[in-house]
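Colleague: Sequence plus the predicted model coming up.
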Amino acid sequence: MERVLRAVEQVPRGCVVSYGDLAALVGIGPRQVGSIMKAYGGNVTWWRVTNSYGDLPAPLLERARETWAQEGILLKRNGLGCDIRRYRADLDALAASYERAVTDLP
DNA sequence: CTAATGACGATTC
DNA sequence: CGAATCGCCATTA
């Protein structure tokens, strides 16, 4: 759980990753990432985590829109999310900084 | 212990 | 494009 939140914090501004991306990175199932985000995601940059289509559930998208606009993330045609192919963070770089962040723990 | 439950994902029709 | 289906697995009831 701690690891998931740590991973989220490594996603650069103006980028997004999918639940599945984080799941693979941390080594759990995508649904677990979703559960964790629901419960504890409020304290991190949750708006940079979408499903594999770049979408967010309606109520969340509503809250993310402002921030997305600030970070330069534009909405997709259908308005359900962003074009993840364009904004998805570099997964190798993400993995790198994630590893660093978890090993540097006290 | 079993059963239901998801901020999910890939596939199929 | 949308809807249905199945696999997934920690958490909760």
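Modeller: Thanks, I have it.
Colleague: drop to CA atoms for contacts and neighbour counts, all remaining ones
Modeller: Fine.
Colleague: who in chain A is up against DNA strand B?
Modeller: A:18-21, A:30-42, A:46-47, A:49-53, A:56-57, A:60 (CA under 7 Å from any atom of the strand).
Colleague: mind running it again at 6 Å?
Modeller: Within reach of DNA strand B by CA under 6 Å from any atom of the strand, chain A has these residues: A:18-20, A:30-32, A:34-35, A:37-38, A:41-42, A:46, A:51-52, A:57.
Colleague: separation between the closest residue to DNA strand B within chain A and DNA strand C?
Modeller: Using CA to the nearest atom of the strand, the single residue of chain A nearest to DNA strand B is A:K38, 2.5 Å away. Separation of A:K38 from DNA strand C (CA to the nearest atom of the strand, to the nearest Å): 11 Å.
Colleague: One more: A:Y87?
Modeller: In terms of CA to the nearest atom of the strand, A:Y87 sits 16 Å off from DNA strand C.
Colleague: Return the members of the residues of chain A next to DNA strand B classed as buried.
Modeller: Among the residues of chain A next to DNA strand B, those classed as buried by neighbour count (16 or more other CA atoms under 10 Å) are A:S18, A:Y19, A:G20, A:P30, A:G34, A:M37, A:G41, A:W46, A:N51.
Colleague: ok, these vs A:A89, which is closest?
Modeller: A:S18 (9.5 Å; CA to CA).
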